[in-house]
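Asks: A structural model of the following input is requested.
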Amino acid sequence: MHLSRRSFGLAAAGAALGALAPATRAAAAPSAVAAANTAYAMVYFTESPNGQGADYGLHLAVSRDGLNWTPLNQNRPVVTPSAGEQGLRDPFILRKQDGAFVVLATDLKGTDFSRWSQYLHVYDSTDLSGFTGYRRLQMHTSSTHTWAPTAFWDASRGQYGIVYSAVNGGRDVLMANWTTDFRSVGSPQVYFSPSPGVLDGDVVVDGGTTYLYYKNLSDGLLYGARSSTGAPNSFTTYTSGLRQGNAIEAPLLVRNNEGGWRLWGDSFSPVNNDYYAWSQTNIGANSWAPMNQRDYTPPLNSKHGSIIGITDAEYAAAVGRWGAPEWVRLKSYNFPDRFVRHADRLGRIDAYPFDPYQDQLWRTVPGLASSSGVSFESVNYPGNYLRHSNYAVRLDPDDGTATFRADATFQRTAGLADSSWASFRSHNFPTRYLRHSNYQLRIDPLDTASSASDRQDATFRVAP
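Replies: Predicted coordinates:
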């Protein structure tokens, strides 16, 4: 969600949360017997700085390393709520004890945080190739919101806890309801209510400890708390405050398939829609280290999402059903917050995110002058390609000439600064490579003996 919603929530809440009839306690669900997780899935909604990329349906991306993401379905929603506010924010995905998935999400479309709902959107999924059983789940009966759900299996209760942000007694708190089936819930109760108010909880159980990460509304920082039981009001904060960017929210705690942990945060200042990440080996330590943006690339325009480990079969099912993007982005190696784009017909690298966001999307086609090379066709200006002219790189329409075709063709090579990335050698000036200089794109003479700085300027990650 967004920090500005706090004032709306306080105004809307008049009394303590009401109670629903408690759900009947059931025996613990059977533990899932499944293949090892070898990949990751992420659910999210989308926004961009000026709103051109806003879509409040459920989006899905996959990743092999949990760092660099492939948005599916051309970064369009895989499903959109048809009831309530007819849009969602803050989707959360959980693998249930039977091995299937459930998705919970805030019932809100857009950014009018004065609107509130007592409900969450809910979907089921067997293998991420479809999302079925759509319903809304009523969490309380009070005049307040139900934002940013997270859920976890509480083995001591034999039930799932659903935790969400709400206002109770005039304060921003985290509330919880328990359920066995995500179709009915027990009475709401205060789950975490330190002073000052809190927002956007994420709960993960690791061994005998339950971890709760949250945003402190007083200082705007993210913190981690823990409990030996996971019971309401049993948590103690154990980390220092964390922030990247000018403002951050939506902590997202992820246990890596390979070991260790990552923490993601959604920044909305100085520009809306920028993810940052930290890592550490021991979740119980207070030693989160900021990650270099070179090492991760969130899905295009992604906001306040959730990440989960998945199997090879689930990865294949998701990609097979929804498909990988028909476009790529080019990320700068030494300015990893910047992507290649066109602006006023000139090629350059600019800090992501930006609008029009489509300016950074490219179709890679066989080289116009040689099929062994590659040409970059603009997604939002079809028939226009990156080409060099007087060594500067421009976006121009294909005029059909041999000169244009040669100017718009590049030979892909191993990255001059990092062989796992890519560099692009000019087809008709083969000693020159595509590079940025003062953020402008051009072709210059380069080789492996060039300075480290020059080689970095000519190195890019090609990814969705």
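Asks: for the residue lying closest to residue 298 once chain neighbours are set aside, give me its contacts.
Replies: In this structure, residue 298 finds its nearest non-sequential neighbour in residue 275, 4.2 Å apart by C-beta to C-beta, 6 or more residues apart in numbering. C-beta coordinates here come from the backbone N, C-alpha and C atoms, glycine included. Counting by C-beta atoms under 8 Å, 6 or more residues apart in numbering, residue 275 makes contact with 264-267, 296, 298, 302.
Asks: just these: which are in strands?
Replies: 264-267, 302 (DSSP state E).
Asks: wait, which of the residues you listed is closest to residue 290?
Replies: Distance to residue 290, by C-beta to C-beta, is smallest for residue 265 among these, at 10.1 Å.
Asks: which pLDDT value belongs to the closest one?
Replies: pLDDT recorded at residue 265 is 98.
Asks: can you tell me which residues contact it?
Replies: Residue 265 touches 222, 242-244, 248-252, 275-278, counting by C-beta under 8 Å, 6+ apart.
Asks: and what of residue 274?
Replies: With the criterion set at C-beta under 8 Å, 6+ apart, residue 274 makes contact with 245, 266-268, 337, 352-353.
Asks: what is the burial count for residue 125?
Replies: For residue 125, the count of nearby residues is 25 (other C-beta atoms under 10 Å).
Asks: show the end-to-end separation of stretch 389-407, please.
Replies: One end of stretch 389-407 sits 7 Å from the other (C-alpha to C-alpha, to the nearest Å).
Asks: give me the residues contacting that stretch.
Replies: For stretch 389-407, the external contacting residues (C-beta under 8 Å, 6+ apart) are 342, 345-347, 368-369, 378, 381, 383-388, 408, 427-429, 432, 434, 440-444.
Asks: repeat that for 6 Å
Replies: With contact meaning C-beta atoms under 6 Å, 6 or more residues apart in numbering, stretch 389-407 is reached by 342, 345-347, 368-369, 378, 383-384, 386-388, 427-428, 441-443.
Asks: now that stretch: average pLDDT?
Replies: Mean predicted lDDT for stretch 389-407 stands at 98.
Asks: just the buried positions in it, please.
Replies: Neighbour-count burial for stretch 389-407 flags 393-396, 404-407 (criterion: 16 or more other C-beta atoms under 10 Å).
Asks: where does residue 424 fall, secondary structure wise?
Replies: According to DSSP states H and E, residue 424 maps onto strand 422-426.
Asks: list the buried residues for the following helix or strand past that strand?
Replies: Beyond strand 422-426 on the C-terminal side, the first helix or strand identified by DSSP H and E is strand 432-437. Neighbour-count burial for strand 432-437, with 16+ other C-beta under 10 Å as criterion, is recorded at 432-436.
Asks: now tabulate the residues you listed in CSV and tack on distance to residue 134 and pLDDT.
Replies: Formatted as CSV, the buried residues of strand 432-437 follow (distance: C-beta to C-beta, whole Å; pLDDT from 0 to 100):
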residue, distance to residue 134, pLDDT
432, 54, 98
433, 50, 98
434, 46, 98
435, 49, 98
436, 46, 98
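Asks: partner residues bridging the spatially closest residue to residue 372 that is not a sequence neighbour?
Replies: Using C-beta to C-beta, 6+ apart and skipping residues adjacent in sequence, the residue nearest residue 372 is residue 411, 6.9 Å away. When assigned by DSSP bridges, residue 411 has beta-bridge partners residue 425.
Asks: hang on, the earlier thing: just the buried ones from the contacts of stretch 389-407?
Replies: By 16+ other C-beta under 10 Å, the contacts of stretch 389-407 give 342, 347, 368-369, 378, 384, 386-388, 427-428, 441-443 as buried.
Asks: restricted to strands, list these.
Replies: Applying DSSP E to these, the entries found in strands are 342, 347, 378, 384, 386-388, 441-443.
Asks: TSV for the residues you listed, including distance to residue 458?
Replies: Output for these, formatted as TSV (distance: C-beta to C-beta, whole Å):
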residue	distance to residue 458
342	19
347	13
378	21
384	23
386	14
387	17
388	13
441	10
442	10
443	9
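Asks: pLDDT weak spots in this protein?
Replies: Across the chain, the ranges flagged by pLDDT under 70 are 1-34.
Asks: any idea which residue sits dead centre in this protein?
Replies: residue 302 (4.5 Å; C-alpha atoms, centre = their mean).
Asks: tell me what that one is bridged to.
Replies: Per DSSP bridges, the residues bridged to residue 302 are residue 46.
Asks: was I right about it contacting residue 44?
Replies: Yes - contact status for residue 302 versus residue 44: in contact at 4.2 Å, counting by C-beta atoms under 6 Å.
Asks: of the ones in strands among the contacts of residue 275, closest to residue 90?
Replies: Distances from residue 90 to the ones in strands among the contacts of residue 275, taken as C-beta to C-beta, are shortest for residue 266 (9.5 Å).
Asks: partner residues bridging the closest one?
Replies: Bridge pairing for residue 266 - DSSP bridges - gives residue 249, residue 275.
Asks: do a quick rundown of the helices in the stretch 251-400 of the chain.
Replies: For the stretch 251-400 of the chain, applying DSSP state H, counting those that start in this stretch gives helices covering 312-322.
Asks: same check on the stretch 1-150 of the chain?
Replies: Counting by DSSP H, counting those that start in this stretch, the helices of the stretch 1-150 of the chain are 5-12.
Asks: rewinding a little: could you dump the contacts of residue 275 to a markdown table with distance to residue 113?
Replies: Output for these, formatted as a markdown table (distance: C-beta to C-beta, whole Å):
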| residue | distance to residue 113 |
| --- | --- |
| 264 | 22 |
| 265 | 19 |
| 266 | 15 |
| 267 | 18 |
| 296 | 29 |
| 298 | 23 |
| 302 | 20 |
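Asks: please pick the buried ones from these.
Replies: Buried among the contacts of residue 275 by 16+ other C-beta under 10 Å: 264-267, 296, 298, 302.
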